[in-house]
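>>> coords please:
(chains A and B)
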Amino acid sequence: MSEPSVVLNNSEPTGTREQELIQSVQRGQSELFYELVRPYERRVFAAALAILRNEHDAEDAAQEAMLKGFAKIRQFRAEARFSTWLIQITVNEALMRRRRERTVPMQGLDDGHDEENEYAPRDFADWREIPSEALERKQVRQRLAEALGRLDRKYREVFMLRDMEHLNIQETAEALGITVASVKTRLLRARLRLRDLLAAGWEQGWFSRLPFEKGTKPW
Amino acid sequence: MVENIVNCEQVWREISNYVDGDVPAPRRGEMDVHFKTCRRCASVLAGTRNVVRLYGDERILEIPAGFSSRLERRLTSNEAAGGERWSSWSAWLAPVAAIALIVGTVGMMNSLTFRNYIRSQHAEPGKNIPPDLVVVVSEGSKLFHVPGCRFIHDPASERAMTAKQAAQQGYVPCTRCLRQYLKTGLTDRHGPEVADGDGDENKETPEQVLSVSGD
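Model (predicted):
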């Protein structure tokens, strides 16, 4: 499987600098830990949000995960990427909280559907590539977030870890404790479902006035 | 020319793997041919790629206001407490016992305030929130909001109360709709301060006790 290009934070440390920071913290320079994890705070928050959905709970879990990462830093070995290791801790923390609190998340539209069922796309409009500049518009970001919120939990978790956190299929499976085959199936469903939801949004003008618009749909 | 031997259903089943480059070469070639001749599947492919690209952009998700400062504060306080040594249960016992002793002592000294716990471990400090401000809370949430805030968790269960009551019950202000009341200083670790409408300036609020307990 080829790895998609990873969108990195501009402030993400280079591998060498990160290794230096890790070793320094492991040797006891704990004041450097925040510098080490700061580039990943958005990703850690997003990973927690993928599981917990509630922003406030996600922040709690993200903070706790960072503390656990701090406590376990001496156990970290360079076989894994530091970011993946940190996100794994975060996912575990979020899953533990969800089990403990037995919260009842808002259910998405796909509830009750068996993931083994076939899923057929619904909209076959002409398309165009949507430039990433579209994300500069708050309305577009909101609509994308709303569509994501309409996914059933099991699809949303996989989609967020895979396509937003950029974990690979194996890492996503390990993080959630499911099989690789389940990750692929859920990812397919999530992507097609989002595409359908956003295609509907096009009818409502969500993506209007974008520079690429030439009278054709992007989905 | 490669014969187009895959149908639309087969293409849809594999389209996610195709986008990821996770389809064996022979099947990928068949799908390539199919996309050239099937406008519907080309549409599905383009839309799927749009989904992956747009959601993969980090701008799609904003972290809450003040997230970084709260995280740094918590890590700093943990570090100050010697957190890096707390890697085993045995090492945790002494500080946990000490904290329990302190909290217990505070509780005995002021049982009223001890009952008023805070629901969040990282409350964004609020300042001068009008005590009579009507706010809403809901099931499963630790926040209080201005009515109508779109970040209310489970709006179906929301109930109204004053900001003072919400703070006394341990709720903390929403970082979105009550942003104007949030502090940003790194040194102030108090919980939400609701302006005291009783005129009792010296009375210790539950939230101040919480800040003493180490949050």
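
>>> And A:Tyr40, how close does it get to chain B?
The spacing between A:Tyr40 and chain B, counted by Cβ to the nearest Cβ, to the nearest Å, is 11 Å. Where you see a C-beta, it was placed from the backbone N, CA and C, and this is true even at glycine.

>>> Same question for that residue, what's its three-state structure.
Here A:Tyr40 takes the helix state, with states given by DSSP: H, G, I helix; E, B strand; the rest coil.

>>> Pretty sure A:Gln88 is one of the things it touches, is it not?
No - between A:Tyr40 and A:Gln88 no contact is recorded; they are 12.0 Å apart, counting by Cβ atoms under 8 Å.

>>> So for those two, which sits in the more crowded spot?
A:Tyr40 (24 against 18; other Cβ atoms under 10 Å in any protein chain shown).

>>> and the gap between that one and A:Ser24?
Counting by Cβ to Cβ, to the nearest Å, the gap from A:Tyr40 to A:Ser24 is 17 Å.

>>> Got the domain ranges for the chain?
You didn't say which chain, so I picked chain A. A:15-101, A:132-203 (automatic domain parsing).

>>> let's do chain B instead
In terms of domains, chain B is parsed into B:8-60, B:67-212 (source: automatic domain parsing).

>>> and those domains, which one's lowest on average pLDDT?
Of all the domains of chain B, mean pLDDT reaches its minimum on domain B:67-212 (a mean of 62).

>>> What is the lowest-mean-pLDDT helix or strand in chain A packed up against?
Of all the helices and strands that make up chain A, the one with the lowest confidence by mean pLDDT, DSSP states H and E is helix A:138-149; it has a mean of 82. Taking 3 or more Cβ pairs under 8 Å, 6 or more residues apart in numbering or on different chains; DSSP states H and E as contact, the helices and strands that helix A:138-149 lies on are helix A:153-159, helix A:180-203, helix B:39-55.

>>> The second one - what's its average pLDDT?
Helix A:180-203 carries an average pLDDT of 86.

>>> which of the residues in it are buried?
The neighbour-count criterion (16 or more other Cβ atoms under 10 Å in any protein chain shown) identifies A:182-199, A:201-202 as the buried residues of helix A:180-203.

>>> which of those residues come close to chain B?
Applying Cβ under 8 Å from any Cβ of the partner chain to those, one finds that A:Lys184, A:Leu187, A:Leu188, A:Arg191, A:Leu192, A:Leu194, A:Arg195, A:Leu198, A:Ala199 fall near chain B.

>>> Distance check, the first one against A:Pro121.
I take that to be A:Lys184. For A:Lys184, the distance to A:Pro121 (Cβ to Cβ) stands at 17 Å.

>>> so where do the helices sit in chain B?
Read by DSSP state H, chain B holds these helices, from start to end of the chain: B:8-19, B:25-37, B:39-55, B:67-80, B:89-109, B:111-115, B:163-168, B:206-212.

>>> now do chain A
The residue ranges that make up the helices of chain A, judged by DSSP H, are A:15-26, A:33-37, A:41-52, A:55-71, A:82-101, A:138-149, A:153-159, A:169-176, A:180-203.

>>> pLDDT averaged over the shortest one, what's the number?
In this case it means helix A:33-37. Helix A:33-37 comes out at a mean pLDDT of 92.

>>> can you check the fifth one too?
Taken as a whole, helix A:82-101 has a mean pLDDT of 90.

>>> Let me know the distance separating the closest residue to A:Ala78 other than its chain neighbours from B:Leu71.
If you skip the residues right next to it in sequence, A:Ala78 has A:Gln19 as its closest partner in space, 7.2 Å away by Cβ to Cβ, 6 or more residues apart in numbering or on different chains. In this structure, A:Gln19 and B:Leu71 are separated by 22 Å, where distance is defined by Cβ to Cβ.

>>> of those two, who's got more company?
Summary of the neighbour comparison: A:Gln19 and B:Leu71, criterion other Cβ under 10 Å, with B:Leu71 having more neighbours (23 against 13).

>>> A:Gln63 is in contact with that one, correct?
Yes - applying Cβ under 8 Å, one finds B:Leu71 in contact with A:Gln63, separated by 5.8 Å.

>>> one step back: buried ones in the least confident helix or strand of chain A?
By 16+ other Cβ under 10 Å, the buried positions in helix A:138-149 come out as A:Val140, A:Arg141, A:Arg143, A:Leu144, A:Ala147, A:Leu148.

>>> Specify the angle between that helix and helix A:180-203 in degrees.
Angle, helix A:138-149 to helix A:180-203, by axes from the mean of the first three to the mean of the last three Cα atoms, to 10 degrees: 140 degrees.

>>> relative orientation of helix A:138-149 and helix A:41-52 in degrees?
Regarding helix A:138-149 and helix A:41-52, their directions subtend 40 degrees when assessed with the same axes, to 10 degrees.

>>> What's the local residue count around B:Cys149?
Applying the criterion other Cβ under 10 Å, we find 17 residues in the vicinity of B:Cys149.

>>> wait, what's in contact with it?
Under the criterion of Cβ atoms under 8 Å, 6 or more residues apart in numbering or on different chains, the contact partners of B:Cys149 comprise B:Val136, B:Cys174, B:Arg176, B:Cys177.

>>> and which of those is nearest to A:Met164?
The closest of the contacts of B:Cys149 to A:Met164 turns out to be B:Arg176 (Cβ to Cβ; 20.8 Å).

>>> one step back: just give me the closest of the contacts of B:Cys149 to B:Phe151.
Within the contacts of B:Cys149, proximity to B:Phe151 (Cβ to Cβ) peaks at B:Arg176, which comes in at 5.1 Å.

>>> OK, contacts around A:Arg98?
Contacts for A:Arg98 (Cβ under 8 Å, 6+ apart) come out as A:Ile51, A:Leu52.

>>> and with 6 Å instead?
The contact partners of A:Arg98, taken as Cβ atoms under 6 Å, 6 or more residues apart in numbering or on different chains, are A:Ile51.

>>> any idea how far chain B is from it?
According to Cβ to the nearest Cβ, A:Arg98 and chain B sit 11 Å apart.

>>> ok, now A:Glu59?
Here the distance between A:Glu59 and chain B works out to 6 Å (Cβ to the nearest Cβ).

>>> Over to A:Leu95?
For A:Leu95, the distance to chain B under the criterion Cβ to the nearest Cβ works out to 17 Å.

>>> That residue - how many residues pack around it?
18.

>>> ok now do it, which residues does it touch?
Taking Cβ under 6 Å, 6+ apart, we find A:Leu95 in contact with A:Ile51.

>>> Now the helices and strands packed on helix A:138-149 in TSV, please, with extra columns for distance to B:Pro26.
TSV is the format used below for these (distance: least, Cβ to Cβ, whole Å):
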stretch	distance to B:Pro26
helix A:153-159	27
helix A:180-203	19
helix B:39-55	18
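
>>> and of the ones you listed, who's closest to B:Ala160?
With Cβ to Cβ as the criterion, B:Ala160 lies closest to helix A:153-159 of these, at 29.4 Å.
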